[in-house]
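[1] Got a predicted structure here, sequence first:
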Amino acid sequence: MIDTPESTHPGRWWHAIEDGARIQCDLCPRDCKLHAGQRGACFVRMNQEGSMQLTTWGRSSGFCIDPVEKKPLNHFYPGSSILSFGTAGCNLACKFCQNWDISKSRDMDRLMDSATPEMIAAAAVRYGARSVAYTYNDPVVFAEYAIDTAAACRARGIFNVAVTAGYIHAEPRREFFSAMDAANVDLKGFTDAFYLKQCGAHLQPVLDTLAWIHHESGCWLEITTLLIPGLNDSDEELKSLTAWVARELGPDVPLHFTAFHPDWKMENIPPTPAATLQRARRIGLDSGLHHVYTGNVHDANGGTTSCPHCNKALIVRDWYEIRSYELAADGCCPGCGTVLAGRFGAFGKPFGAHRIPVHLAPA
């Protein structure tokens with residue numbers, strides 16, 4: 001597909017290189033240097049006649065109403081529904097990508113749904129979604145579109161959620177996460193060797209993003225690590241990862257360990273055993289973390305939110321289903337009065353585990 005000015009949108013966070021022939025993308029640590037007509041590693045940001053253009057603004061791979069627990073977020077308005085969408089492209093090259101048909105797509109014709117930020121916000125209201133999630137592929141690569149949509153959503157009282165790998169430079173990071181109300185950041189592993197070999201990236205920028213979100217923004221943070229047998233699931237690495245979270249972010253940041261299934265370039269690796277997730281959860285709890293969850297498996301213990309003070313089961317889950325909910329509307333444990341970390345409100349009927357594909361139409 002040949003891009004035309006009508007199918008692109010001005011991009012931000014770039015500068016002209018002194019040689020006059022290229023521009024540099026300043027969005028993420030890849031620092032792609034682009035000749036005219038050339039695309040970055042993400043494929044969706046390009047040099048068009050000497051300026052940065054985003055080729056996916058206003059275009060989506062599809063929209064769906066999901067449970068917020070699917071993001072996964074367990075401490076952000078549990079039981080609520082969320083309007084999810086993505087575009088195409090990614091700035092990482094994870095060999096285990098579970099959404100590779102979207103994130104690795106080079107076919108812009110996959111982006112069948114067109115929607116302005118105002119259309120997305122209106123759709124969230126129409127379908128009763130409490131939030132909009134920027135997900136499926138990494139929203140960092142369509143940051144301008146996400147930020148514009150977040151502003152339209154906030155104007156209608158809709159929250160914004162980023163599901164991201166957090167691979168982004170400091171200046172755009174500040175603007176991007178300031179537009180978000182919650183984020184789930186994928187911490188892929190806890191060695192630079194893993195990031196370099198399996199993702200084509202580096203660990204430290206992700207750690208910087210996690211620390212900035214938690215300490216410098218008003219964005220609620222949860223973390224997910226997909227455990228891949230033999231690659232990032234050793235006791236040593238899990239102890240290092242959970243100790244870092246406890247030390248640098250504190251014990252109240254929820255950490256999700258989720259199960260890998262064979263996909264993309266790792267079809268030869270078996271699925272993650274449930275026992276591995278339970279072992280990781282125990283390591284996290286032993287490191288002092290209050291909220292460690294298992295995901296992509298049926299595990300009521302690993303899905304339950306408990307009071308960190310009296311250990312009362314406050315929210316019992318099985319995968320994305322909420323089986324019981326005893327947390328007060330103000331987020332307090334009814335047993336001992338401890339305030340649970342997160343964002344909570346009045347709890348009604350949970351949305352449940354189903355997902356509903358939707359097509360947007362002008363408001």
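    Yep, that arrived. On a predicted model such as this, the values are computed, not experimentally measured, just so you know.

[2] Now do the SS call for Ile315.
    The assignment at Ile315 comes out as strand when based on DSSP: H, G, I helix; E, B strand; the rest coil.

[3] my bad, should have said Asp330
    Secondary structure of Asp330, reduced to three states by three-state DSSP: coil.

[4] any idea how far Asp181 lies from Pro271?
    33 Å (Cβ to Cβ, to the nearest Å). Where C-beta positions appear, they are placed from N, C-alpha and C, glycine not excepted.

[5] wait, I meant Tyr136
    Taking Cβ to Cβ, one finds Tyr136 at 21 Å from Pro271.

[6] hang on, the earlier thing: looking at Asp181 and Pro271, which has the bigger crowd around it?
    Asp181 (22 against 14; other Cβ atoms under 10 Å).

[7] Excluding chain neighbours, what is closest to that one?
    Phe159 (4.2 Å; Cβ to Cβ, 6 or more residues apart in numbering).

[8] ok, now Asp318?
    Ala300 (5.3 Å).

[9] Secondary structure element for Leu285, which one?
    Using DSSP states H and E, Leu285 sits within helix 274-286.

[10] Show me what secondary structure element comes after that helix.
    Defined by DSSP H and E, the subsequent element after helix 274-286 is strand 292-295.

[11] For the closest residue in space to Asp235 that isn't next to it in sequence, give its distance to Trp244.
    Closest residue to Asp235 apart from its sequence neighbours, by Cβ to Cβ, 6+ apart: Ile283 at 6.7 Å. For Ile283, the distance to Trp244 equals 12 Å [Cβ to Cβ].

[12] Those two - which one has more neighbours?
    Neighbours per residue (other Cβ under 10 Å) separate Ile283 from Trp244, with Ile283 holding more: 20 against 16.

[13] Quick one: residues contacting the more buried one.
    Taking Cβ atoms under 8 Å, 6 or more residues apart in numbering, we find Ile283 in contact with Asp235, Leu238, Lys239, Thr242.

[14] Was I right to think the last one contacts Gly284?
    By that I understand Thr242. Yes: using Cβ atoms under 8 Å, Thr242 is in contact with Gly284, at 4.2 Å.

[15] between the two, what contacts are shared?
    Both Thr242 and Gly284 are contacted by Leu255, Val292, under the criterion Cβ under 8 Å, 6+ apart.

[16] how many neighbours does Arg126 have?
    13.

[17] Now do the phi/psi pair for it.
    phi -60, psi -40 (degrees, to the nearest 10).

[18] Against Ile23, how distant is it?
    Distance, Arg126 to Ile23, by Cβ to Cβ: 40 Å.

[19] could you measure the closest residue to Gln98 other than its chain neighbours against Leu314, distance?
    Leaving out its chain neighbours, the residue that sits closest to Gln98 by Cβ to Cβ, 6+ apart is Asp263, at 5.3 Å. Distance of Asp263 to Leu314, given as Cβ to Cβ: 34 Å.

[20] For those two, indicate the residue with more neighbours.
    Of the pair Asp263 and Leu314, Leu314 is the one with more neighbours under other Cβ under 10 Å, namely 24 against 15.

[21] OK, contacts around that one?
    Applying Cβ under 8 Å, 6+ apart, the residues near Leu314 are Thr305, Ser306, Cys307, Tyr325, Glu326, Leu327, Cys333, Leu340.

[22] pretty sure the second one is in contact with Lys312, am I right?
    Yes: the pair Ser306 and Lys312 passes the contact test of Cβ under 8 Å, sitting 6.5 Å apart.

[23] Low-confidence stretches in the stretch 151-300 of the chain?
    Applying pLDDT under 70 to the stretch 151-300 of the chain picks out residues 265.

[24] In it, mark out all the strands, start to finish.
    Counting by DSSP state E, counting those that start in this stretch, the stretch 151-300 of the chain has strands at residues 159-164, 182-186, 220-227, 255-259, 292-295.

[25] Quick one: these as JSON lines, columns for mean neighbour count and distance to Leu92 too.
    As requested, the strands of the stretch 151-300 of the chain are exported to JSON lines (neighbours: other Cβ atoms under 10 Å; distance: least, Cβ to Cβ, whole Å):
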{"stretch": "strand 159-164", "mean neighbour count": "26", "distance to Leu92": "10"}
{"stretch": "strand 182-186", "mean neighbour count": "24", "distance to Leu92": "9"}
{"stretch": "strand 220-227", "mean neighbour count": "24", "distance to Leu92": "13"}
{"stretch": "strand 255-259", "mean neighbour count": "24", "distance to Leu92": "17"}
{"stretch": "strand 292-295", "mean neighbour count": "23", "distance to Leu92": "20"}
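
[26] Rebuild those as JSON lines, extending it with distance to Lys349.
    JSON lines is the format used below for the strands of the stretch 151-300 of the chain (distance: least, Cβ to Cβ, whole Å):
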{"stretch": "strand 159-164", "distance to Lys349": "19"}
{"stretch": "strand 182-186", "distance to Lys349": "21"}
{"stretch": "strand 220-227", "distance to Lys349": "23"}
{"stretch": "strand 255-259", "distance to Lys349": "24"}
{"stretch": "strand 292-295", "distance to Lys349": "22"}
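
[27] Show me the one of those strands that comes nearest Gln48.
    strand 159-164 (25.3 Å; Cβ to Cβ).
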